[in-house]
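Student: Here is my input, please return the structure:
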Amino acid sequence: QVQLVESGGGLVQAGDSLRLSCAASGRTLNEYIMGWFRQAPGKEREFVGGISWGGGGTYYSDFVKGRFTISRVNAKNTVYLQMNSLKPEDTAVYYCAAARLRVSRDPADFGSWGQGTQVTVSS
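Tutor: I've put the predicted structure just below:
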């Protein structure tokens with residue numbers, strides 16, 4: 001099983017940018033489809049975006065299209081989430097997750113999760 005650790009969260013103002021990182025260990029990252037999810041207080045965990053094994057394909061939820069970009073550097077066993085034009089409604093704990101079988105937006109398809117990193121966007 002791959003172990004995942006997120007970093008890069010923090011407190012920013014609306015309109016600012018942040019880059020989250022997800023470092024993997026235990027297995028090579030190129031075996032996995034990677035996803036980013038987020039969970040705000042009192043809300044269910046929701047899919048943010050994902051990236052295919054080799055990084056050639058990315059897919060996003062509509063609410064982040066054009067603002068967030070996912071990338072991966074398999075040689076560094078790291079996946080990134082670049083977040084631009086942040087809004088207060090982007091405030092949440094952000095999680096990276098790994099899936100082996102298929103490209104998916106369903107959290108149930110992701111078998112490995114990080115501990116999360118808090119992103120807070122003030123207005």
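
Student: Now do the contacts for the spatially most central residue of the chain.
Tutor: Nearest to the geometric centre of the chain sits residue 36, at 2.5 Å (CA atoms, centre = their mean). Counting by CB atoms under 8 Å, 6 or more residues apart in numbering, residue 36 touches 20, 22, 47-50, 68, 70, 79, 81, 94-97. The way it works is simple: take the backbone N, C-alpha and C, and place the C-beta from them, glycine included.

Student: Then residue 64?
Tutor: Residues near residue 64 by CB under 8 Å, 6+ apart: 48, 49, 83.

Student: sorry, back to before: can you tell me the helix or strand for the residue nearest to the centre of the chain?
Tutor: Element membership for residue 36, per DSSP states H and E: strand 33-39.

Student: and that strand, which strands flank it?
Tutor: Paired strands of strand 33-39, with direction, are strand 46-51 (antiparallel), strand 92-99 (antiparallel) (DSSP bridges).

Student: how about the contacts of residue 36 in TSV, adding distance to residue 88, neighbour count and pLDDT?
Tutor: Shown next, in TSV, are the contacts of residue 36 (distance: CB to CB, whole Å; neighbours: other CB atoms under 10 Å; pLDDT from 0 to 100):
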residue	distance to residue 88	neighbour count	pLDDT
20	17	24	98
22	24	27	97
47	20	19	97
48	16	24	97
49	20	19	96
50	24	24	95
68	15	22	97
70	22	23	96
79	25	28	96
81	18	27	98
94	15	23	98
95	20	23	98
96	22	29	97
97	24	25	97
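
Student: Adding distance to residue 116, write those out as CSV.
Tutor: Below are the contacts of residue 36 laid out as CSV (distance: CB to CB, whole Å):
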residue, distance to residue 116
20, 10
22, 10
47, 15
48, 12
49, 16
50, 17
68, 17
70, 17
79, 14
81, 12
94, 6
95, 5
96, 9
97, 10
